[in-house]
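Undergrad: Curious how this folds, go ahead:
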Amino acid sequence: MRWALVKVCLAVTTMVVVAFAVPLGLVVKEMARDRAFSNAEREAAAVAPALSITTDRDKLERVVASAGADSGMAVHLPAADGRAALDLGRQRAAHRDIEAVRKLGRASTTSVGGGSTLLQPVALSSGTAVVEVYVPESEVSNGVGTAWAVLAGVGLALIVGSVAVADRLGVRMVRPAQRLVEGAHELGEGKLGARVPEEGPNELRLAAVAFNSMADQVVQLLANERELAADLSHRLRTPLTVLRLNAASLGGGPAAEQTRTAVAQLEREVDTIIRTAREAKPQTAAAGPGAGCDAAEVVRERMDFWSALAEDEGRKWRVAGVERPVRIPVARADLAAALDALLGNVFRHTAEGTAFAVDVHNGEDAVIVLISDAGPGISDPEAAMARGRGSGSAGSTGLGLDIVRRLAEATGGDVRIGSSVLGGTEVRIWFQLDGRKPGGKGHRGAVRRRRSGKLVSTFNRPRSLP
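TA: Residues are numbered from 1 along each chain as shown. Model prediction:
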């Protein structure tokens, strides 16, 4: 915008300067020419009285010498009273031009080598004499070059000055707009303290005021949401306390121990939610090299927990790709919560005895976690991904899948629902390792490698469950 304004001002100023400077330069040139020929006419008029008094050659030569310097004047007398025509001074004009002036009795100018001549007729008793005054080209253009240089300098100064003024005006307009853009980017990146100085033109100042007001409202809304989340989570403490006391009275045995473990974990998760809501600190996204967690270790840990319930319900299960460490830029607690949400969906929305599997695939720039089951599947995957809608079955809110989606998107990845080779639903979680958005070069490269290399056989080959 700034440079566009400068270009427009430069173009307009240049056109104005050209529109005035070119005609003015031509006028200056014409004035210099008129001045030169006016001087020549005065010189010719100075000789006319002498011609009317005498035609003596010696006297006329003295008059011509005194009137025309540097041999710039000549006098042509006609023949009369038996006397031949007389030419005094250096003749430059052609004879036909001299005779034409003598015949017409009207002054004229003609071009000669190095300049022009003024032919001025003078009426005598014996005929018409012609006074020839030479006007060199240097005299005709005397001062024109200087005047043109001054005009060019003034025009250039006007152009430079207008560009400088336009640049200052552009900065005054563009800088607030740039700050507004930067503030919007910072706010979009989660920097809630981003504000814009309320300065500049009236329109941009009003836009800055509106942006700051919007940012304040966003901060207030987020604070209210965090407080609401903390309050709702805090309400769970009472039923959790009752549940923990009841679990403590169950006595011994694997089922009782698993129940107590689940209650303890639920209390920890509630505490985590409350602290996160109060402190407003994100739990995803790695903070630097080595941050995040080992996805393979987390998957093994959560499968150890869910395997006991799977055995009770007669479900066959399998886990693959967890033999070696697989680092992802996600907090351990968040990945565990996402896996629990998806595995909980398997147990909640499929019949007892339905098999399921968890696969981890480690690529160069992405890690993929697949949770698949042999259940009835999801008829509308797009609706299932919508927050608050769920799969449409009883007890489904869709919040679990939304939590998983936001966790994956925090790394630049995504979540997709499809059909598994087991015959039911397959949830694919894509964790991007380099932070690029899905659909970029890294994402397509991983997809190509998955389709053309080792991953495609891992994804598509029939799975056998123990």
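Undergrad: Give me the helix or strand of the protein that scores worst on average pLDDT.
TA: helix 454-460 (a mean of 36; mean pLDDT, DSSP states H and E).
Undergrad: I figured Arg332 hits Val298, correct?
TA: Yes - in this structure, Arg332 is within contact of Val298 by Cβ atoms under 8 Å, at 6.0 Å. For the C-beta atoms, the positions are set from N, CA and C on the backbone; glycine is no exception.
Undergrad: In this protein, what residue spans correspond to helices?
TA: Remark: helices assigned in the chain by DSSP state H are 2-53, 57-67, 95-104, 137-140, 144-188, 202-235, 237-248, 254-279, 295-312, 332-349, 381-384, 399-409, 441-452, 454-460.
Undergrad: Including distance to Ala366, could the ones you listed go into CSV?
TA: Below are those laid out as CSV (distance: least, Cβ to Cβ, whole Å):
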stretch, distance to Ala366
helix 2-53, 41
helix 57-67, 102
helix 95-104, 96
helix 137-140, 83
helix 144-188, 24
helix 202-235, 30
helix 237-248, 37
helix 254-279, 26
helix 295-312, 12
helix 332-349, 15
helix 381-384, 21
helix 399-409, 10
helix 441-452, 4
helix 454-460, 10
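Undergrad: Including distance to Thr117 and mean neighbour count, could the ones you listed go into a markdown table?
TA: Shown next, in a markdown table, are these (distance: least, Cβ to Cβ, whole Å; neighbours: other Cβ atoms under 10 Å):
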| stretch | distance to Thr117 | mean neighbour count |
| --- | --- | --- |
| helix 2-53 | 8 | 15 |
| helix 57-67 | 14 | 15 |
| helix 95-104 | 8 | 15 |
| helix 137-140 | 12 | 15 |
| helix 144-188 | 20 | 15 |
| helix 202-235 | 68 | 14 |
| helix 237-248 | 117 | 13 |
| helix 254-279 | 101 | 15 |
| helix 295-312 | 103 | 17 |
| helix 332-349 | 102 | 20 |
| helix 381-384 | 97 | 15 |
| helix 399-409 | 92 | 20 |
| helix 441-452 | 82 | 15 |
| helix 454-460 | 98 | 14 |
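Undergrad: Leaving out sequence neighbours, find the closest residue to Leu60.
TA: Counting by Cβ to Cβ, 6 or more residues apart in numbering, Leu88 is the residue found nearest to Leu60 once chain neighbours are left out, at 5.5 Å.
Undergrad: Report the beta-bridge partner residues of the one you found.
TA: Judged by DSSP bridges, the bridge partners of Leu88 are Val75.
Undergrad: ok, it - contacts?
TA: Arg57, Leu60, Glu61, Val64, Ala74, Val75, His76, Leu77 (Cβ atoms under 8 Å, 6 or more residues apart in numbering).
Undergrad: so where's this protein uncertain?
TA: In the predicted model of the chain, residues 1-6, 55, 65-71, 80-84, 230-235, 237-238, 241, 274-291, 386-400, 435-466 satisfy pLDDT under 70.
Undergrad: Out of the helices of the chain, the one nearest Glu323 is which?
TA: Glu323 sits nearest to helix 295-312 of all the helices of the chain, at 7.3 Å, using Cβ to Cβ.
Undergrad: helices or strands up against that closest one?
TA: helix 254-279, strand 317-320, helix 332-349, strand 356-362, strand 366-373 (3 or more Cβ pairs under 8 Å, 6 or more residues apart in numbering; DSSP states H and E).
Undergrad: between the first one and helix 202-235, how many degrees?
TA: Here helix 254-279 runs at an angle of 150 degrees relative to helix 202-235 (axes from the mean of the first three to the mean of the last three Cα atoms, to 10 degrees).
Undergrad: Give me the distance from helix 254-279 to the chain's centre.
TA: Relative to its chain's centre, helix 254-279 lies at 48 Å (Cα atoms, centre = their mean, to the nearest Å).
Undergrad: list the helices and strands it packs on?
TA: The helices and strands touching helix 254-279, judged by 3+ Cβ pairs under 8 Å, 6+ apart, are helix 202-235, helix 237-248, helix 295-312.
Undergrad: Ok, which of those helices comes nearest Val322?
TA: If we rank the helices and strands packed on helix 254-279 by Cβ to Cβ, the stretch that ends up nearest is helix 295-312, at 3.9 Å.
Undergrad: Please enumerate residues in contact with that closest one?
TA: Residues contacting helix 295-312 (Cβ under 8 Å, 6+ apart): 254-255, 258, 261, 316-317, 319, 321-328, 330, 332, 335-336, 339-340, 343, 347, 356, 358, 360, 367, 369, 431.
Undergrad: Same check on stretch 44-55?
TA: 59-60, 63-64, 67-68, 73, 75, 77, 83, 86, 118, 120, 122, 124, 126, 129, 131, 133.
Undergrad: And those residues, which of them are buried?
TA: The neighbour count (16 or more other Cβ atoms under 10 Å) marks 60, 63-64, 67-68, 73, 75, 77, 86, 118, 120, 122, 129, 131, 133 as buried among the contacts of stretch 44-55.
Undergrad: farthest pair in those residues?
TA: Taking Cβ to Cβ, no two of those sit farther apart than Leu86 and Leu118, at 19.7 Å.
Undergrad: could I get the helices and strands packed on helix 295-312 as TSV with distance to Ala247?
TA: Below are the helices and strands packed on helix 295-312 laid out as TSV (distance: least, Cβ to Cβ, whole Å):
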stretch	distance to Ala247
helix 254-279	5
strand 317-320	25
helix 332-349	18
strand 356-362	26
strand 366-373	28
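Undergrad: between those, which one is nearest to Thr109?
TA: Nearest to Thr109, of all those, is strand 366-373, at 90.4 Å by Cβ to Cβ.
Undergrad: Alpha carbons of that closest one, as CSV, please.
TA: The C-alpha trace of strand 366-373 is given here as CSV (Å, rounded to 0.1, in the frame of the first residue of the first chain):
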residue,chain,number,x,y,z
ALA,A,366,4.9,-38.2,11.1
VAL,A,367,3.7,-40.8,13.6
ILE,A,368,0.4,-42.5,13.0
VAL,A,369,-1.7,-44.3,15.7
LEU,A,370,-4.5,-46.5,14.5
ILE,A,371,-7.3,-47.7,16.8
SER,A,372,-9.5,-50.2,15.0
ASP,A,373,-12.3,-52.6,16.0
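Undergrad: sorry, back to before: between the buried ones among the contacts of stretch 44-55, which is nearest Asn246?
TA: Comparing those against Asn246 with Cβ to Cβ places Leu118 closest, at 128.2 Å.
Undergrad: what sits against that closest one?
TA: Leu118 is in contact with Phe37, Ala40, Glu41, Ala44, Ala107, Ser108, Thr109, Glu132, Val133, Val135, counting by Cβ under 8 Å, 6+ apart.
Undergrad: what do you get if the cut-off is 7 Å, keeping everything else the same?
TA: The contact partners of Leu118, by Cβ atoms under 7 Å, 6 or more residues apart in numbering, come to Phe37, Ala40, Glu41, Ala44, Ala107, Thr109, Val133, Val135.
Undergrad: do the same with Val144
TA: Neighbouring residues of Val144 by Cβ under 7 Å, 6+ apart: Val28, Lys29, Ala32.
Undergrad: Please apply the same query to Ala374.
TA: Contacts for Ala374 (Cβ under 7 Å, 6+ apart) come out as Thr354, Ala355, Leu422, Gly423, Gly424.
Undergrad: Give me the buried subset of those residues.
TA: For these, a neighbour count by 16+ other Cβ under 10 Å gives the buried set as Thr354, Ala355, Leu422, Gly424.
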